[in-house]
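**Q** Predicted model and sequence follow; I will ask about them next.
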Amino acid sequence: MDSPRRFSHWAQGELEEIRAADRWRATVAFDGESVAGRVGARDMISFASNDYLGLSSHTRVRAAAIEAVERLGGGSSASRLITGTRSLHHELEAALAQWKGTPRALLFSTGYAANLGVLQVFGAADVTIFSDELNHASIIDGCRLSRARARVFRHNDMAHLRQLLETTPGRRIVVTEAVFSMDGDAAPLQALGELCALHGALLIVDEAHSVLGPEWPLNCTDLEYLRLGTLSKTLGSLGGWVAGSADMIDLLVNRARTFIFTTAPTPANTAAALAALSVYRSEEGAALRARLRSLIDLLRPGHPSAILPYILGENARAIDAARQLFGLGVYVPAIRPPTVPVGTARLRVALSAAHTQEMVLRLRDALTQLGAG
């Protein structure tokens, strides 16, 4: 039976729309270590990973994950509040709190889950959330799942945010990424902190891509804030975290549905993140960040992050550019709506300390050939 009411019929129509809009996506296996690998039969260099310091394949990180599996097994077997918590989770939470300069920290299964959990808990019915227009999908979805009113302010526009805060009564939250995931620019954290402190708003900052800053602490008296991020980018593992006051963290433990109703992070991922954080905070970590900084400067001197967008406009143009780079052994998938606004399809280049100077210069030459450099 072929009825328009059948879901298979509806799905076919949806897929035809996706293809017609040049938005078709599919998973592609990139088999390799760090930035070097193979796609099918081709050797490729990836400039699309978020493993900014190359820590996912660091010797100490690998060893920590293997030791954790041998000692504690492959899974955590339950949610954190049942029997899923291991001493490793507490050790990593203590290390994250020390790193971020807060009394407490809490692990989540992913950074996505951390954003959903925080905004669900603090976005109560009497709250208004002000969200930057270029915030990540996890923040947008967190706003949608909260009971709060959500208002969007123009990207990094402090005058617009000030106007909204001044004309909105009641409890307020301002949420932003510290480094924006598709544009690679940084939020004006000091100005955001001052506005939030002035108006008594809670500032929530997603630091998922902040491998090179912007730096804290903010010089703001009486500022209430939560910092959150991922373990999967700068630290090369998997998971999310939230850092803040003891009371705020305890509230998340007791009310965040994405913390309560999911299995705890695995011992391997937790141990890997703990080892990676140790490397990050060492002299070796400082050297890796300095190396990453020098590689970024080869392409865009002074750019604030490891994310470099090459905006091409129409979807078809971005797809064609990605295809040509693939032919040159350079892997940079095209980024299209709904990940970015319509008409701003792009190549999103992400650099890593694991790249060599020769790799980056090869990318630069390839981009120049395409007219995108």
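**A** The structure has been received and is ready for your questions.
**Q** quick one, phi psi at the spatially closest residue to residue 21 that is not a sequence neighbour?
**A** Spatial nearest neighbour of residue 21, chain neighbours left out: residue 315 (7.0 Å); criterion: C-beta to C-beta, 6 or more residues apart in numbering. Any C-beta I mention is one placed from the backbone N, CA and C, and that applies to glycine too. Here is the backbone geometry of residue 315 (degrees, to the nearest 10): phi -60, psi -40.
**Q** Residue 315 and residue 336 touch, don't they?
**A** Yes - under the criterion of C-beta atoms under 8 Å, residue 315 makes contact with residue 336 at 4.7 Å.
**Q** Next, show the common contact partners of the two.
**A** Listed as contacting both residue 315 and residue 336 by C-beta atoms under 8 Å, 6 or more residues apart in numbering are 22-23, 345.
**Q** Tell me where the stretch 151-300 of the chain has helices.
**A** 158-166, 189-199, 246-255, 257-260, 267-280, 283-299 (DSSP state H, counting those that start in this stretch).
**Q** Sorry, slip of the keys, the one I care about is the stretch 1-150 of the chain.
**A** If DSSP H, counting those that start in this stretch is used as the criterion, the helices of the stretch 1-150 of the chain fall at 7-20, 59-72, 87-100, 111-122, 137-145.
**Q** Which strands or helices does the first one pack on?
**A** Read that as helix 7-20. The contact analysis (3 or more C-beta pairs under 8 Å, 6 or more residues apart in numbering; DSSP states H and E) places helix 7-20 against no helix or strand.
**Q** any weak-confidence spans in the stretch 251-373 of the chain?
**A** Applying pLDDT under 70 to the stretch 251-373 of the chain flags the ranges 373.
**Q** The residue nearest to residue 21 and residue 344: what is the separation?
**A** Counting by C-beta to C-beta, to the nearest Å, the gap between residue 315 and residue 344 amounts to 10 Å.
**Q** what residues are shared contacts of the two?
**A** Residues touching both residue 315 and residue 344 (C-beta under 8 Å, 6+ apart) are residue 337.
**Q** so how many other residues sit close to residue 50?
**A** Close neighbours of residue 50, defined as other C-beta atoms under 10 Å, add up to 18.
**Q** on that earlier part again, dump the shared contacts of residue 315 and residue 336 into CSV; add neighbour count and distance to residue 16 as well.
**A** As requested, those are exported to CSV (neighbours: other C-beta atoms under 10 Å; distance: C-beta to C-beta, whole Å):
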residue, neighbour count, distance to residue 16
22, 17, 13
23, 16, 11
345, 25, 20
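**Q** Pick out whichever of these sits closest to residue 41.
**A** residue 22 (26.1 Å; C-beta to C-beta).
**Q** Give me the number of neighbouring residues for the residue lying closest to residue 39 once chain neighbours are set aside.
**A** Spatial nearest neighbour of residue 39, chain neighbours left out: residue 30 (5.7 Å); criterion: C-beta to C-beta, 6+ apart. When neighbours are counted by other C-beta under 10 Å, residue 30 registers 17.
**Q** Specify which member of the shared contacts of residue 315 and residue 336 is nearest to residue 159.
**A** Among the shared contacts of residue 315 and residue 336, and counting by C-beta to C-beta, the member closest to residue 159 is residue 345, at 29.4 Å.
**Q** who's that closest one bridged to?
**A** Taking DSSP bridges as the rule, residue 345 bridges to residue 313.
**Q** wait, it sits on residue 312?
**A** Yes - counting by C-beta under 8 Å, residue 312 is a contact partner of residue 345 at 5.8 Å.
**Q** okay, and the common contacts of those two?
**A** Contacts common to residue 345 and residue 312, judged by C-beta under 8 Å, 6+ apart, are residue 318.
**Q** circling back: need the winner for burial among the helices of the stretch 151-300 of the chain.
**A** Most buried of the helices of the stretch 151-300 of the chain, by mean neighbour count (mean count of other C-beta atoms under 10 Å): helix 267-280, with a mean of 24.
**Q** List the contacts of that one.
**A** Applying C-beta under 8 Å, 6+ apart, the set of residues contacting helix 267-280 is 53, 55-56, 58, 60-69, 71-76, 86, 88-89, 91-92, 95-96, 99, 107, 231, 234-239, 285, 288.
**Q** buried residues in stretch 132-143?
**A** Within stretch 132-143, the residues that count as buried by 16 or more other C-beta atoms under 10 Å are 132, 134-136, 138-140, 142-143.
**Q** Any chance you could list what contacts that stretch?
**A** 111-112, 114-120, 123, 129, 131, 150, 152-156, 175-177, 180-183, 187, 206, 208, 339.
**Q** are any of those buried, and which?
**A** Here, 16+ other C-beta under 10 Å leaves 111-112, 114-120, 123, 129, 131, 150, 152-153, 156, 175-177, 180-183, 187, 206, 208, 339 buried among those.
**Q** just to revisit the earlier point, the contacts of helix 267-280, buried ones only, as a PyMOL selection?
**A** In PyMOL, this line selects whichever of the contacts of helix 267-280 come out buried by 16+ other C-beta under 10 Å:
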select buried, resi 53+55+56+58+61+64+65+68+72+76+86+88+89+92+95+96+107+231+234+235+236+237+238+239+285+288
